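A.B. asks: quick one, structure for this:
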Amino acid sequence: MSDTAVILAGGLGTRLYPYTVTIPKPLVPVGKYSVLEVMIKQLKYFGFSRVIVTVNHQAEMIESFFRDGQQYGVEIDYVREKKRLGTMGPLRGIKDLPDQFLVANGDILTDINLSALVEAHEKSRSILTVSTFQKDHQMAYGVIKTDDTGSIVGFEEKPKLTVDVSMGIYMMNRGVVDHIPEDKYFGFDDLMLTLLKKEQPTSVFFHAGYWRDLGTPEDYQLACDEFNSREDSLIRG
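C.D. replies: Numbering: from 1, shown residues only. Next up is the predicted model:
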């Protein structure tokens, strides 16, 4: 099993204002922990011993908080972005990645079984496995259905759509990095479209448990409200 995880923590956290005015988003508190602290504890529980944190905005604050990781029982290294590189761009600057490694956004809470994700990735023979979560999306408009002649054959007022979304947690083979350009902004969307265009094998890992992306003040407040009742499943070991 891979023992290395990369946490992407270099974002500005602008969507989470005003909570991120004075502290970086990975350090915002949920319960008595910071978001990134919860993630590191989870990684330790599932057998990851090395954590690489990519940092940019307020990097010194993150580095001084977690230091070398000894207090969490893991080894923490830091990779500083000289400029904003998106979600996947920083991976190109990490020179000693193992054959397989986990990548996670530094602003999510979930009770996903990381061991099961690693096992699914190894069995899939894919170079990228994306963890996904089923979300309901409420359309803001009425939807008109037509036939080939332009005649209206159906109408649905503000339907609810169920879609599978990326959770921001991935298992990757080192070969994925070869598809990421050097020193350029490159997001997950860019990577996904590139791998599909090049017909590289990719797969998904469905998670039906808890997942919360702390991207907005509303989602952050929900996570804080939910944390006490879910602490045992989020803070393990």
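A.B. asks: for Ile169, give me its contacts.
C.D. replies: 102-105, 108, 110, 112, 114, 117, 131 (CB atoms under 8 Å, 6 or more residues apart in numbering). For glycine as for every other residue, the C-beta is placed from the backbone atoms N, C-alpha and C.
A.B. asks: min pLDDT across these, which one?
C.D. replies: Among the contacts of Ile169, Ile108 has the lowest pLDDT, at 90.
A.B. asks: that residue reaches Gly168, doesn't it?
C.D. replies: Yes. Counting by CB atoms under 8 Å, Ile108 touches Gly168, with 5.2 Å between them.
A.B. asks: any shared contact partners between these two?
C.D. replies: Asp213.
A.B. asks: and the helices in the protein?
C.D. replies: Under the criterion DSSP state H, the chain contains helices at 35-45, 59-66, 114-124, 188-197, 217-234.
A.B. asks: average pLDDT for the longest one, rounded please.
C.D. replies: What that stands for is helix 217-234. The average pLDDT for helix 217-234 rounds to 87.
A.B. asks: that helix packs against which elements?
C.D. replies: If you count contacts as 3 or more CB pairs under 8 Å, 6 or more residues apart in numbering; DSSP states H and E, helix 217-234 packs onto strand 29-30, strand 108-110, strand 211-213.
A.B. asks: could you tell me the least trusted of those strands?
C.D. replies: Out of these, strand 29-30 stands lowest, with a mean of 86 (criterion: mean pLDDT).
A.B. asks: and that one, which strands flank it?
C.D. replies: Using DSSP bridges, the strands paired with strand 29-30 are strand 33-34 (antiparallel).
A.B. asks: contact partners of the partner strand?
C.D. replies: Residues from elsewhere that reach strand 33-34 (CB under 8 Å, 6+ apart): 26-28, 41, 65, 235.
A.B. asks: what do you get for stretch 137-149?
C.D. replies: Here stretch 137-149 makes contact (CB under 8 Å, 6+ apart) with 152-163.
A.B. asks: pull out the buried positions in that stretch.
C.D. replies: Within stretch 137-149, no residue is scored as buried using 16 or more other CB atoms under 10 Å.
A.B. asks: residues contacting the residue most central in space within the chain?
C.D. replies: Nearest to the mean C-alpha position of the chain, counting by CA atoms, centre = their mean, stands Gly168 at 2.3 Å. Going by CB under 8 Å, 6+ apart, Gly168 touches 104-105, 107-108, 131, 188, 213.
A.B. asks: spatially nearest residue to Phe186 (excluding sequence neighbours)?
C.D. replies: Gly89 (4.0 Å; CB to CB, 6 or more residues apart in numbering).
A.B. asks: let's see the pLDDT reported for the one you found.
C.D. replies: Gly89 is assigned 93 on the pLDDT scale.
A.B. asks: mind putting the contacts of Gly168 into TSV with distance to Ser124?
C.D. replies: Shown next, in TSV, are those (distance: CB to CB, whole Å):
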residue	distance to Ser124
Ala104	18
Asn105	21
Asp107	26
Ile108	22
Ser131	12
Phe188	18
Asp213	24
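A.B. asks: out of the residues you listed, who has the most neighbours?
C.D. replies: Highest neighbour count within those: Asp107, with 28 neighbours (other CB atoms under 10 Å).
A.B. asks: might one say that that one is in contact with Asp213?
C.D. replies: Yes. Under the criterion of CB under 8 Å, Asp107 makes contact with Asp213 at 6.9 Å.
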